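Undergrad: predicted model, plus sequence, below.
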Amino acid sequence: MPTVVVLAGESTIDLMTVARLLDNHHFRTRFSHDAIGVELGGILKNIYAIGLGLFDGKSIHSVNFRAVYLTIALEEITRIGVAMGGHAETFSYLAGLGDLLATSLSGHSHNRSLGERLAEGQTLDAIKTAMGVLPEAYNIHEGHFIDSRKAACLSATGTWSVGCYPWADCNRTVYLRLYA
């Protein structure tokens, strides 16, 4: 099966030129004129992959729960993206929904693995040693600043972000997300 990526830029001619160089039987390209949305979709999905990893690490594997969590995650990614200048439709395609599903559901996702390890009680230092480096989403875990600057509500990110702090209680966080 081919990998499909989204190329973002202003010029359709430039996008087509790059696509001609990259496209083959194993690698396909799609176009978007929403560079901000494509970038944010590629960044923000990592935060939610950590969140799903937290639940997986606590053996919460309900398909219904995953569907609810990922639906809320996509809603929040879209809200944040639009607040920051992206186009809502971008997040319903590969750079939003596609990236979110691939990263959150993959057993190879470093971001999801971070959530699983946090849920198991591992420290960030131990995780960094085991993984070699903390996944990219850890470096943006303070993304809650978006909430106050852009009036975007971030409820699903709260699922995991408190787990990154030494004083946080992962069990309490998971409970609040499930029953609040």
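TA: Perfect, I can see it now. Residues are numbered from 1 along each chain as shown.

Undergrad: pLDDT (mean, whole number) over stretch 127-136?
TA: When pLDDT is averaged along stretch 127-136, the result is 91.

Undergrad: ok, and what's touching it?
TA: 43, 46, 50, 110, 111, 113, 114, 117, 118, 122, 124 (C-beta atoms under 8 Å, 6 or more residues apart in numbering). Where you see a C-beta, it was placed from the backbone N, CA and C, and this is true even at glycine.

Undergrad: what separation do you get for residue 112 and residue 21?
TA: Summarising the geometry, the distance separating residue 112 from residue 21, computed by C-beta to C-beta, to the nearest Å, is 32 Å.

Undergrad: ignore what I typed, I meant residue 127.
TA: Summarising the geometry, the distance separating residue 127 from residue 21, computed by C-beta to C-beta, is 38 Å.

Undergrad: what is the least confident helix or strand in the protein?
TA: The helix or strand of the chain with the lowest confidence, counting by mean pLDDT, DSSP states H and E, is helix 145-150 at a mean of 44.

Undergrad: hang on, the earlier thing: okay, and which of the contacts of stretch 127-136 map to strands?
TA: Counting by DSSP state E, no part of the contacts of stretch 127-136 is found in strands.

Undergrad: in whichever strand or helix holds residue 30, what counts as buried?
TA: Per DSSP states H and E: residue 30 is located in strand 27-32. Buried positions in strand 27-32, judged by neighbour count with 16 or more other C-beta atoms under 10 Å: 29, 32.

Undergrad: helices or strands up against it?
TA: If contacts are counted by 3 or more C-beta pairs under 8 Å, 6 or more residues apart in numbering; DSSP states H and E, strand 27-32 sits against strand 3-8, helix 12-22.
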